[in-house]
Every structure is written in C-alpha cells, then in structure tokens.
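> For reference, the sequence and a predicted model appear below.
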Amino acid sequence: MLPTLNPSVDQFMEAIREKNPHEPDFHQAVHEVVSSIYPFIQQNPVYSDYKILERIIEPDRIIMFRVCWEDDKGRVNINRGYRVQFNNAIGPYKGGLRFHPSVRLDTFKFLGFEQVFKNSLTTLPMGAAKGGSDFDPKGKSDHEVMRFCQAFMTELIRHIGKDTDVPAGDIGVGAREIGYLFGQHKRLTNRFTGVLTGKALNFGGSLIRKEATGYGCVFFVQNMLKANGNQSIDGKICTVSGSGNVAQYTAEKLIHLGAKVVSLSDSSGTIYDPEGITAEKLAFVDELKNIKRGRIEEYATHYGCEYRPGKRPWDIPCDLAFPSATQNELSLDDAKALVKNGCIAVCEGANMPTTPDAVAYFINNNVLFGPGKAANAGGVAVSGLEMTQNSMRLSWDRHDLESRLNGIMTKIHDQCAQYAYYNTKTPNYVDGANIAGFIKVAQTMLSYGIH
Ligand code: NDP
Ligand code: 2IT
C-alpha cells in the first residue's frame, strides 16, 4: 500500500524504495519527477485525492520471458526478454527495445517511466512502454542476431500490436534488428501492420526516423538558446558522447548548422578531434559503427587525432554538451569541469545521462539544461508520425517530416517553458518537462475514473 504524497517527498520515496527494492535507476527517475510535481500537486489537490501520481508510478503490466536461441556453433543460449507496459492512458503503449548485457528489470522500469512523460510532451497520442533483453549483439554474427530476434519476437508477439503496443529501437537495436523482428512478426501473423517503428523505407519506415532523435535534440537546444538570450548554434564548440544513432545525427545536424563538433565516444573511450568532425568523417563513423561494427578508437587511428581510452568527453572545453550514450554517464565532477570551461547549455540525447547532483549543479550555475524526456523526444515523435503514415498507407517526404519534427520540438520546448518557472527564478526545464508531461496523462486518467 503506497502512502499519499503527504507529508513529504522523502517519505513518499521511502515507500517507493521499499516496494521496488534494488531498482536504483527507477528510484532516481521517480524521485526527479516527484520532486518537480510535489508543489504542483499540493496546489491542485484533485490529483492527490485520486492518487494519480501513485498510479502513474505503478506500471500497468510487466512481462518477462525466456528467449532461447542457437549460436553458429549449435550451442543453446538463454537470455531474458522484458516488456514493461507502463501507461496507455493517452494512446497505445509505445517505446523502444534495448539489447545490452547490463539491462535488468530496473532499467526497463526507469526507461518506461520516463517514456510516459516524454510521449505526453510530443503532443501525439502515444502511451508508454520499454523493453528489450540482456542479449549482447556485440561480437555476434548477423545470423546469430537474426535467430535471437526471431526467438525474442516469437514470445513478444503475444503482447504487442499496432493498437496495443508498438516497439522501436534503442541501444543495440537498429535497422538490422528491427528488420528481423518485423519479418518474424509478419511471418507468424500473416499480416503486414505497423507493429514496429524505425523500419527500413521499403517496408513502411519513415524517411527521417533514424535522424530524428539527434536532429530533434539540436532543435531543442536551438529553442532553449533562442528563448534565453537569442544565441545561435553557428560557431559553437560542441562535445557529443556516444557514437551510435543519437550521437551521429546530433553531430550531423550541429555541423550542418555551423557548429564545430570535437568529440564522440563509446564504452571504451573518447576521440578528441579539435579540427572538428566533418560530414565526410561522419560517413566514416556511420560505416564503422553500422557496417563494420567497430570501435570509435579506429576514428582516431584513421584521422590521426587523440584517443582517450576509458574516458568520457566532459573535460574537453565546449559551449554546448550533448550526452548521447547511456544513463548516468555525466557526474557532478564532469558538470563542474563543464561549467569551469564555460559550457552554456547541456542537452540530453540519451535517457537520464546526467546524475541528479550534476543536474542540480547545472541549473544552479545557470547552464541551460534540456532534460532527455523533452530533448530526445524527437525520436519517438517521428515514430508517432511513422505510425500515422502506416495507418494511412502513405509516406511524407523528407522536407515535410523534418519541418513537422522541428515544429514538434518547438511545441515541446514551449510546454516545458510554460512550467519551467513554477518553483524557481531561473528556467528549470526539468520541472517544466515533468509538470507539462504529467498534466496531460493525469487529466486523462481522471476522465477514466478509478482503475
Ligand atoms: P546505439 O546502440 O546506437 O548507440 C549507443 C552508444 O552509446 C554507443 O556508442 C555505445 O558504445 C554507447 N554506450 C552504450 N552503453 C554504454 C555504457 N553502458 N557505457 C558507455 N557507453 C555506452 O544507441 P542509441 O544511440 O539509439 O541510444 C543512445 C541513448 O539515446 C540511449 O540512452 C537511448 O535510450 C537514448 N535514446 C535513443 C533514441 C533512439 O531513437 N534511438 C530515442 C531517445 C533516446 P558501445 O558501442 O561501446 O556500447
Ligand atoms: O527512448 C526513446 O524514446 C526511444 N528509444 C524511441 C522510442 C520509439 O518508440 O521510437
């Protein structure tokens, strides 16, 4: 039994920790939201009377399953599959699949919870879910990845559908994996439906889905800069972490807008290219990561720049920083280094990459901070557009989609900005995103009555 929000956030969190033990990432995500929303709820008691926050924190349903597959040597492998269907108040469950050996139920609960608020902010009708597996695609052959995806979908299929739950990619799940997953779904159901997003163009994909998260993140920072002193991206020095989907397209858009991007990374280390990454160098990264499935160190070898093994990019001087790899990759010490070096804005391409003390440090030091649930919502927003295109059986052109994405990111920014001053004098986009994301879902839950 959960207590009501009274008497304090701390007591509320204590009950959450007790009920969900050993889930530190989930606690972290919930604590941030509860801290933002607490003052708002106190002034709007209908939400506490109907225990809306308490209900939003409890997933609608958690699915866990065994996935068995044979590797190239004929050996049997066993992984665990997950789908956390968090909330479908405002639309079918929607959110990515992550394949990474580090994942636990905690990971998918935190990601699914974040997705509730993110999807609400997109202005599109999408509920929230997240899932995946502890399967590690690294070092596996294409056929092993295919057999794993087919085994994974053979069970997941019972729980998803175009009006029920529409998965997409995340870490370790890109175009290759989505192709195998969609193919298996089509084969087992004998139906061609938009049950996944992030598909290739030939089978219903959207023209800019792969670019959308990174581009959207840059559009979000543009909006923050415009609303707070009208600075442009042109000429800014930028650090980006990660070298996967989000990092690559964040870098691409920044370069296109005249910024100088000086870093990329992976879990082994960081490259520092003070000359700036160019479109041509990015094409090298794309091939390295998506075809050769190599390590970012090879960029440094190829272009003769510095490689920092085991390091993240946050001690490199920059104006704008884009953590775009994974959760808790930017600590308080990193935040201090960024502020000391004159960084003016941090925009989260990844989900929860900044630790809570680092977030507070940025906000207290007047660094514009774009939280992931707003700043990286462009990916799921274009997934929403892909769902619409699939239902209509038509496709929009690149220019049309990019301008829709740009418009959505401005609407997301403006919703956050509306509540960014709720409790503070300087803009706090974390509070803004949490409150604005909460209101739409909460009001809808009130409309449905108690369940
Ligand atoms: P990719 O798999 O394409 O790339 C992930 C990148 O992050 C790789 O460079 C990877 O390095 C690095 N990385 C992953 N795990 C770790 C780790 N534990 N420590 C250090 N580095 C790590 O994933 P995406 O680019 O799609 O996702 C990146 C982030 O963006 C995630 O937080 C994801 O949830 C978020 N996101 C993604 C969206 C999308 O549309 N794809 C939408 C919204 C958010 P290595 O190769 O060494 O593992
Ligand atoms: O974290 C995210 O928003 C994603 N991985 C994208 C989800 C989606 O359904 O496109």
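Structure's in. What do you need? Ligands and ions are numbered 1, 2, ... in the order given.

> tell me how far the ends of stretch 168-180 are from each other?
Terminal residues of stretch 168-180 lie 12 Å apart, using Cα to Cα, to the nearest Å.

> so what's Leu405 up against?
Shown in contact with Leu405 (Cβ atoms under 8 Å, 6 or more residues apart in numbering): 208, 212, 215-216, 219, 378, 381-382, 385. C-beta: built from backbone N, CA, C; applies to glycine.

> Point me to the helix or strand that includes it.
helix 398-419 (DSSP states H and E).

> Can you give me the buried ones in that helix?
Neighbour-count burial for helix 398-419, counted by 16 or more other Cβ atoms under 10 Å, picks out 401-402, 404-406, 408-410, 412-413, 415-417, 419.

> again with stretch 180-193
Buried, per 16+ other Cβ under 10 Å, within stretch 180-193: 180-182, 184-185, 193.

> before we move on, what about stretch 276-289?
Those would be 277, 281-282, 285, 288-289, for stretch 276-289 by 16+ other Cβ under 10 Å.

> From these, pick the one nearest ligand 2.
Nearest to ligand 2, judged by Cβ to the nearest ligand atom, of the buried residues of stretch 276-289 is Lys289 at 16.9 Å.

> Was I right to think that closest one contacts Ala247?
No: judged on Cβ atoms under 8 Å, Lys289 makes no contact with Ala247 at a distance of 9.2 Å.

> Per-residue pLDDT of His451, please?
Per-residue confidence (pLDDT) for His451: 89.

> Likewise for Ala279?
The predicted local confidence for Ala279 is 97.

> Figure out the helix or strand that the closest residue to it other than its chain neighbours lives in.
Take Ala279 and drop its neighbours on the chain: the residue closest to it by Cβ to Cβ, 6 or more residues apart in numbering is Ile255, 6.2 Å away. Using DSSP H and E, Ile255 maps to helix 245-256.

> Pick out the residue of this protein closest to ligand 1.
Gly244 (1.8 Å).

> show me what contacts that residue?
Contacts of Gly244 (Cβ under 8 Å, 6+ apart): 171, 174, 266, 289, 324-325.

> count of residues packed around Ser48?
Counted by other Cβ atoms under 10 Å, the residues lying close to Ser48 total 16.

> quick one: it and Tyr38 touch, right?
No: between Ser48 and Tyr38 there is no contact under Cβ under 8 Å: 9.7 Å.

> Glu298: how many residues sit nearby?
Glu298, neighbours per other Cβ under 10 Å, totals 16.

> how about it, phi and psi?
phi -70, psi -20 (degrees, to the nearest 10).

> Show the model's pLDDT score for it.
On the pLDDT scale, Glu298 gets 98.

> The helix holding Ile255: what's the following helix or strand?
strand 260-266.

> Pairing partners for the very next helix or strand once past that next one, with directions?
Sequence-wise, the next helix or strand downstream of strand 260-266 (DSSP H and E) is strand 269-272. With DSSP bridges as the test, strand 269-272 is paired with strand 260-266 (antiparallel), strand 306-309 (antiparallel).

> Can you name the next helix or strand after strand 269-272?
helix 279-290.

> pull the CA atoms of that next one into CSV?
What follows is helix 279-290, C-alpha atoms only, in CSV (Å, rounded to 0.1, in the frame of the first residue of the first chain):
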residue,chain,number,x,y,z
ALA,A,279,30.3,15.3,-42.9
GLU,A,280,32.9,13.1,-44.5
LYS,A,281,34.3,11.9,-41.2
LEU,A,282,30.8,11.2,-40.0
ALA,A,283,30.2,9.0,-43.0
PHE,A,284,33.3,7.0,-41.8
VAL,A,285,31.7,6.7,-38.4
ASP,A,286,28.5,5.5,-39.9
GLU,A,287,30.2,2.7,-41.8
LEU,A,288,32.5,1.9,-38.8
LYS,A,289,29.5,1.5,-36.5
ASN,A,290,26.7,0.2,-38.6
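
> what residues are up against the residue in the chain that ligand 2 sits nearest to?
Proximity of the chain to ligand 2 (Cβ to the nearest ligand atom) peaks at Gly96, 2.9 Å away. Counting by Cβ under 8 Å, 6+ apart, Gly96 touches 111, 130-132, 167-170, 173, 379-380.

> quick one: which of these sit in strands?
Per DSSP state E, strands hold the following members of the contacts of Gly96: 130-132, 167-168.
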